[in-house]
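S.K.: just coords:
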C-alpha cells in the first residue's frame, strides 16, 4: 500500500495548491510542505518547482501522481472483487457530450444487465481524461484526440465528421463545392475549448492556414443539443459527427455542406488507464459495444 506522503502528493497534484491540500487534510501548510520534501528526499527526485511564484510539477512529479491515482483506484477495485468474487460490480464511466447524444444509451443498455450500479459522468474530452487519470472513472468513451502514449484504448468505430447548415442557407446557392473562404462570412457555431469536436475542426483549420476567429461571428455552446436547435432555426454553420444529426438530415431540416477537401472521419475510443490490471474487462466491454 502507498504511504501517507504519496497520498498527500497525489492530492497536491489535484488541487495545485498547498493551502487547499492542507485544508482538505486538516493539516497546516508547513506540514504538507514537510511531507512533500520528505517524499522528494526519499525518492531522490524533484517533484515540484516554483516558476514566477507559481507551483509546477516536474515530469517525474506528473508521472508519479498518475501512478498513485491508478494504484489507489485499481487496488480498491481488486480488493472489492477478492472479497466478493461472485457479486455484481458497480461501474463508473465517463462519456463526452457528443457521444452521450448518440452512443451512450446503447452502451448502457449493453451493460445494465451485468452491473449492480452504473454511474456516468458527462463532460468534454479533457474533463473525461482528467477524471480517468484521477481514478474517478473506470473508463471513458471519447471521440477527441488524446495522448495515446498515456492511455490504453480500444477503437469502437470511425465516425464521419461533417459540416452542416440549415436547409435554406443562401450559401448553398453558390457554386459547389464550397471553398473555406466562402464559409468565413458565416456565423460559426462551435463547441467550447476542451471539446474533442472543436479540436478536430480546429486541427483541420490549421492545415488550411485558418483559425476559428477568422469566421465573421463565433458562437460557443457547451452541449450539442442547443447548438443543433440553433442550426435548425436558421442560424449559421457547424461541424460535428453525422450521427448527431441523422434525423435532421433525413427530415431536410439540415443539409451537409459540400465543402471542398473536407472528408474527415474520426475514431471513437474506449479509453482506460495504461497497463490496467482490468484491461481484459474493459476490452470485453468494448467487444460488447461493437
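M.R.: Noted; the coordinates are in hand. The structure displayed is predicted, hence computed values, not measured ones.

S.K.: break the chain into its domains for me.
M.R.: 4-67, 91-290 (automatic domain parsing).

S.K.: the last one - what's its average pLDDT?
M.R.: The predicted model assigns domain 91-290 a mean pLDDT of 92.

S.K.: please compute how far that domain lies from its chain's middle.
M.R.: 10 Å (CA atoms, centre = their mean, to the nearest Å).

S.K.: then the first one?
M.R.: Offset of domain 4-67 from its chain centre (CA atoms, centre = their mean): 25 Å.

S.K.: returning to that earlier point: dump the domains of the chain to a markdown table, plus distance to residue 79 and mean neighbour count.
M.R.: Placement of C-beta: from N, CA and C, glycine included. Shown next, in a markdown table, are those (distance: least, CB to CB, whole Å; neighbours: other CB atoms under 10 Å):
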| stretch | distance to residue 79 | mean neighbour count |
| --- | --- | --- |
| domain 4-67 | 16 | 15 |
| domain 91-290 | 12 | 17 |
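
S.K.: between these, which one is closest to residue 75.
M.R.: Set against residue 75 and scored by CB to CB, the domains of the chain come closest in domain 91-290, at 8.9 Å.

S.K.: would you map the strands across the stretch 151-290 of the chain?
M.R.: With strands called from DSSP state E, counting those that start in this stretch, the stretch 151-290 of the chain shows them at 151-166, 187-190, 217-220, 237-241, 254-256, 264-273.

S.K.: and the shortest one, what does it pack onto?
M.R.: Using 3 or more CB pairs under 8 Å, 6 or more residues apart in numbering; DSSP states H and E as the contact definition, the elements that strand 254-256 packs against are strand 151-166, helix 224-232, helix 246-250.

S.K.: the ones you listed: which one's closest to residue 287?
M.R.: Closest to residue 287 of the helices and strands packed on strand 254-256, according to CB to CB: strand 151-166, at 8.1 Å.

S.K.: ok so, going back, which of the strands of the stretch 151-290 of the chain sits closest to residue 17?
M.R.: Smallest distance to residue 17 across the strands of the stretch 151-290 of the chain (CB to CB): 25.1 Å, for strand 264-273.

S.K.: contact partners of the closest one?
M.R.: The contact list for strand 264-273, computed with CB atoms under 8 Å, 6 or more residues apart in numbering, reads 70, 73-74, 99, 103, 128-129, 132-133, 138-143, 146, 151-162, 200, 204, 241, 278-279, 282, 285-286, 289.

S.K.: between strand 237-241 and that strand, find me the angle.
M.R.: Orientation of strand 264-273 against strand 237-241 (axes from the mean of the first three to the mean of the last three CA atoms, to 10 degrees) gives an angle of 50 degrees.

S.K.: strand 264-273 to strand 151-166, inter-axis angle?
M.R.: Using the same axes, to 10 degrees: strand 264-273 against strand 151-166 is 150 degrees.

S.K.: what does the helix or strand where residue 75 lies contact?
M.R.: Applying DSSP states H and E as the criterion places residue 75 in helix 59-83. With contact meaning CB under 8 Å, 6+ apart, helix 59-83 is reached by 1-2, 6-7, 9-10, 13-14, 43, 45-48, 57, 89, 133-135, 138, 150, 273-274, 276-278.

S.K.: swap in stretch 7-20?
M.R.: Taking CB under 8 Å, 6+ apart as the rule, stretch 7-20 contacts 21, 24-25, 29, 32-33, 35-36, 39, 47-48, 55, 57, 61-62, 64-65, 68-69, 72, 134.
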